[in-house]
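[1] Using only what follows, build the 3D model:
(3 chains)
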Amino acid sequence: MEQLFFYIFSIVAIVSAILVVSVRNPVHSALYLIICFLQVAAMFVLLRSPFLAAVQVFIYVGAVMVLFLFAVMVLDLGKERLKDSMHSQSILGGALAIVLFFIAFYLVYNGDIVAPLGAYTETALMKNTEVIGAALYTKYIYPFEVVSLILLVALVGAITLVMRHKDN
Amino acid sequence: MPDVTTLIEVLLIVIKVVVIAMILFSLPMPLTWLERKVAGHIQVRLGPWRVGPHGILQAVADAIKLMLKEDITPDKADKFLFRLAPLLALVPAFAVFVTIPFGESISIPFIERDVTLYIADMNVGILYILAIAGLGIYGVILGGWASNSKYSLLGALRSSAQMISYEIAISFAAIGVVMIANSLSLVDIVGAQSGSILNWNILYLPVGPVWFAIFLIASLAEINRIPFDLPEDEGTLGAGFHTEYSGMRFSLFMLAEYVAMVTVSILCVLLFFGGWNAPFDMPLPIPPIPAIFWFIGKVSAFIYFFMWLRFTLPRYRYDQLMTLGWKVLIPISLVNILVTGYMRI
Amino acid sequence: MNLASLNINIYSLLPLLMVVGLALFVLVLDFFIPRGGKRALGYVSALGLVCILPFVPMFIETVPSYAGFVIADTYSAFFNVVFLVSSAFAIFISIDYLRRLGSESGEYYYIMLFATAGMMIMASANDLIGLYVGLELMSMSFYILVALRPGKGAEGALKYFVLGAMSSGILLYGISFAYGFSGTTNVNEMAAIVYRLPDNNTYLYLALALIGAGFAFKIAAFPFHVWSPDAYEGAPTPVTALLSVGSKAAAFAVFLRVFAVALPAFHGQWSDMLWVISAATMIFGSVVAIPQKNIIRMLAYSSIAHAGVILMGIVVNSSAGASAVLYYSLVYAFMNVGAFTVAALASRGDGGEQLTDLRGLASRRPWLAFFMALFMVSLAGIPPTAGFMAKFFVLASAVHAGYYWLAVIAVISTAIALFFYARVIFYMYMRDYEGAELPERSLFTCVTYGVVLILTAVGTLALGVYPSAILDIAVRAVGPLFTI
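    Numbers count the residues shown, from 1 in each chain, chains lettered A, B, ... in the order given. The predicted structure follows:
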């Protein structure tokens, strides 16, 4: 049952991901990306991580893609067909992607995952949010704090670049 | 053959979903009537009066009118998205109710089992609500964009900027409540406020009232109600993102808006006003009032409050709206997080 | 998880915390300084970095701290010195450069400091996740810094950003495979697990290839180099100097740490992959640099060729090779920053830095031409400069380990590279000056550039004449990598 759902979600995710890069209208493309993100969120639920699922929906679907659509609408990209600005590279790129995919597939298929499974039991996973919170503030405190620096730089950078443009 | 208990469980969930959906679908009818009545009395006039006693059937007449009206799709519109957008607005508004609790549990005599008054008690309930409610914006954006009209597009742009900005403040307010209750589950959040009125989050001094104010202002902006209904500013934008919609599709947008208002009222009650808990124990020997009535009473009060606001306050200017969000609410939230954290240590 | 097992040790992070603190201090100070006086922030930043420099070797903690995320060993301390030195130089020459460009701003300086902090995080990362966040901090800062040049910056920044984001994705994908393989992201734990397992697990090959590609992008190795000439040309020249020196050194630091400490058991596999990349990068960089008309682009391709040479030291995977990498990074910091300083100074206005601008420089600015010649000689790898010694050590370690063909390719590419370095000297000394007069420099400009040029020149010469002191330190610095 669970596997069935997993395959449904992954097939929809893959199909929508392909559509993201193949449809010509940027708004439709964004819509497919939203569908893809939602499938990923669903997979997080299957992996017993409702917190990550909610965050995935909240941040990627609820915020990032809205800003993306906002930019598309402000720049009025909808009327411009993406294909016009693409050169003949798409065939080469596609071929390269397929080759890479097959190499990756071969390597994954022949390899075996020897890592021990996660240390958490089903009951511990019910407290998913607490587990994540505790890990972030103990084991992962260092990268967690560095990420705050990254966000600070990104924030300052975004404002700086926009304001600079305004001055000119 | 699956055993009977599982079957009943599944059946109960289906029944709950159907009941909630029916209530939500029919709720806008009394609410529109009420809103017009409130408007009328605030503006010293009678409001709807002709259809039925005190115009009570006016909403039914409106519904029939909307259903019978011609459904127009603009020629240059993106047909698929134009038709999809009202549904995208509606589905998240309904999906939120999956995790909203209306009470703890009641026992039903015939099947001899306790039935919980919620569909699912998710352990990330509040996060789920914020995430799903945030998706409602796609109906607005895509509807505005697909209409291929400048008023719609401008309305959609305003709306998306506004909702993104205030989503931050609303999440901060939710984080404040989560910090106080130590849980993301709405049932637990309400449970933490049981006992007496003094345990309600609104009275968690000094941060409770501040969180409530932030939550209230931000959610008003989030559901595009006055004084923040810039996306449908008649004076400058026609009707905003749904300028080109008519008939049934238009009413779906309206339905989503009313449901959102109900959701916000419910959230205010659940997060800050103790949910279904009574404010104090009844000292008299009268039978206690069932929890569900407290809940409905509080929610009704909030719905009335929102209607009252609508006909009392003028509309904000767009830059004022953004200033309020980014330069007032978010800094206050950050400070408040620190204070709440200090108090919870 | 109890707190004691985390090994919270503030001393292991102290130099990093100082740099971050300096950046935040400059950020706040920026609010109080009027528009015209932003250069003061430059002085604060550069002098602050110089003051932090002596603290770096003082805090050596050989035990990983913060749950194994940080390791402040001699190895990371060596790289931290490289970062601080090159960053201080770059900030110092920025002060005048920005003034001429007419875009003085406070953000520039503290984002530069954040980039330095990102490099330090990378050098002391003992965990793939810590490494990745450091890399992101550095890259994010550079995306912004590249865009800060009016006009040309946007194009370079966009190319850098799009390709950089993609390479980060590839790196993360590789890290996820490594995690799936070993169940840990910690470098030491991964090494222990890898040793216990049969070495024909193709799952890890994929991780190796993807992580290698991600790092190769950051060092601008062929075929992941396409972003670098455009980003270098578009960026403000001091940023280019730091980008070519600091960000590359940081990428080499993590390259060496991950491949030599976590995956030595797979040396046979990854050295083959890096062998090819290294050889291709050397040849490609040297050949493509020849037709370049723009001095920054020329230096960009020269930088690609140098990355190929440094990569040899990693392929070898020995103490000698690794110490040669460290030595090369330091030498490269001196000579390349020096070369970019002259390029920044010799360019006229905003017309870009054309090679022809250097014509007849020797007759107008004999000292400037002398310094440039010195740096070119060093970059070409001619004794008695440090560039020669650095190349010598890398080649010696390669020959010693039996990589004869790689050494031969390196020598050939160096010979090709000689051509375009010599052409710069030819332009400066053999051609007559033509065109407009060079703008007069104020005393202030002369002093700031003079200090940087003299220091870099002294470094370039001293390390070439007397390399053993630094090499000894480098050998000791790589000790922790090869003891396990």
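[2] which residues in chain A form strands?
    Counting by DSSP state E, chain A has no strands to list.
[3] And what about the residue nearest to C:Ala396 when sequence neighbours are not counted, helix, strand or coil?
    Distances taken as Cβ to Cβ, 6 or more residues apart in numbering or on different chains put C:Ala320 closest to C:Ala396, at 7.1 Å, once the chain neighbours are dropped. The way it works is simple: take the backbone N, C-alpha and C, and place the C-beta from them, glycine included. Classification of C:Ala320 by DSSP: H, G, I helix; E, B strand; the rest coil places it in helix.
[4] Counting neighbours, what do you get for C:Ala320?
    Neighbours of C:Ala320 under the rule other Cβ atoms under 10 Å in any protein chain shown: 20.
[5] May I ask you to name the longest helix in the chain?
    Went with chain A since none was named. helix A:141-167 (DSSP state H).
[6] my bad, the chain I had in mind was chain B
    For chain B, the longest helix by residue count, based on DSSP H, is helix B:150-181.
[7] Equivalent analysis for chain C, please.
    Every helix in chain C considered (DSSP H), the longest is helix C:153-182.
[8] Mind exporting the C-alpha coordinates of stretch B:48-63 to CSV?
    Output of stretch B:48-63 as CSV, limited to C-alpha atoms (Å, rounded to 0.1, in the frame of the first residue of the first chain):
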residue,chain,number,x,y,z
PRO,B,48,-31.9,43.4,3.1
TRP,B,49,-35.6,43.5,3.7
ARG,B,50,-37.6,42.4,0.8
VAL,B,51,-37.1,38.7,0.4
GLY,B,52,-38.5,36.9,3.4
PRO,B,53,-38.9,38.3,6.9
HIS,B,54,-36.0,40.7,7.6
GLY,B,55,-34.6,39.7,4.2
ILE,B,56,-33.5,36.4,5.5
LEU,B,57,-34.0,34.7,2.2
GLN,B,58,-31.9,37.3,0.4
ALA,B,59,-28.9,35.0,0.5
VAL,B,60,-30.9,32.2,-1.2
ALA,B,61,-31.9,34.6,-3.9
ASP,B,62,-28.3,35.7,-4.4
ALA,B,63,-27.2,32.1,-4.7
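[9] could you give the mean pLDDT of the longest helix of chain B?
    Averaging pLDDT along helix B:150-181 gives 88.
[10] and the very next helix or strand once past the longest helix of chain C, what other elements does it pack with?
    Per DSSP states H and E, the first helix or strand lying C-terminal to helix C:153-182 is helix C:187-196. Judged by 3 or more Cβ pairs under 8 Å, 6 or more residues apart in numbering or on different chains; DSSP states H and E, helix C:187-196 is in contact with helix C:153-182.
[11] The helix it packs on - contacts with which helices or strands?
    In terms of contacts (3+ Cβ pairs under 8 Å, 6+ apart), helix C:153-182 is packed against helix C:128-147, helix C:187-196, helix C:202-218, helix C:227-234.
[12] Wait, a strand at C:Val63?
    Yes: using three-state DSSP, the assignment for C:Val63 is a strand.
[13] which residues does it contact?
    Residues counted as contacts of C:Val63 (Cβ atoms under 8 Å, 6 or more residues apart in numbering or on different chains) are C:7, C:9, C:71.
[14] Can you report how many residues lie near the closest residue to B:Leu117 other than its chain neighbours?
    Excluding the flanking residues, the one nearest B:Leu117 by Cβ to Cβ, 6+ apart is B:Gly103, at 3.9 Å. Using other Cβ under 10 Å, B:Gly103 has 19 neighbouring residues.
[15] got a list of what the residue nearest the centre of chain A touches?
    Nearest to the mean C-alpha position of chain A, by Cα atoms, centre = their mean, lies A:Phe37 at 6.2 Å. Applying Cβ under 8 Å, 6+ apart, we find A:Phe37 in contact with A:56-57, A:60-61, A:65.
[16] will you turn the residues you listed into TSV that also has distance to chain C, pLDDT and neighbour count?
    Below are the contacts of A:Phe37 laid out as TSV (distance: Cβ to the nearest Cβ, whole Å; pLDDT from 0 to 100; neighbours: other Cβ atoms under 10 Å in any protein chain shown):
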residue	distance to chain C	pLDDT	neighbour count
A:Gln56	16	91	21
A:Val57	21	91	25
A:Tyr60	15	90	19
A:Val61	19	89	24
A:Met65	16	90	20
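[17] Narrow those to those in helices?
    Counting by DSSP H, the part of the contacts of A:Phe37 found in helices is A:Met65.
[18] Out of the contacts of A:Phe37, which comes closest to chain B?
    Set against chain B, the nearest of those by Cβ to the nearest Cβ is A:Val57 (4.0 Å).
[19] gap between the closest one and B:Val187?
    Distance, A:Val57 to B:Val187, by Cβ to Cβ, to the nearest Å: 21 Å.
[20] Now the residue nearest to the spatial centre of chain B: closest residue in space that isn't a chain neighbour?
    Among the residues of chain B, B:Thr263 comes closest to the average C-alpha position under Cα atoms, centre = their mean, at 2.4 Å. Computed as Cβ to Cβ, 6+ apart, the closest residue to B:Thr263 that is not its neighbour in sequence is B:Val96, at 5.5 Å.
[21] That neighbour is in contact with B:Ala133, isn't it?
    Yes: B:Val96 is within contact range of B:Ala133, at 5.5 Å (criterion: Cβ atoms under 8 Å).
[22] anything in contact with each of the two?
    Common neighbours of B:Val96 and B:Ala133 (Cβ under 8 Å, 6+ apart) are B:Thr263.
[23] show me the contacts for the closest residue to chain C within chain A.
    When scored by Cβ to the nearest Cβ, chain A has A:Gly111 as its residue closest to chain C, at 2.7 Å. For A:Gly111, the contacting residues are C:181, C:201-206, by Cβ under 8 Å, 6+ apart.
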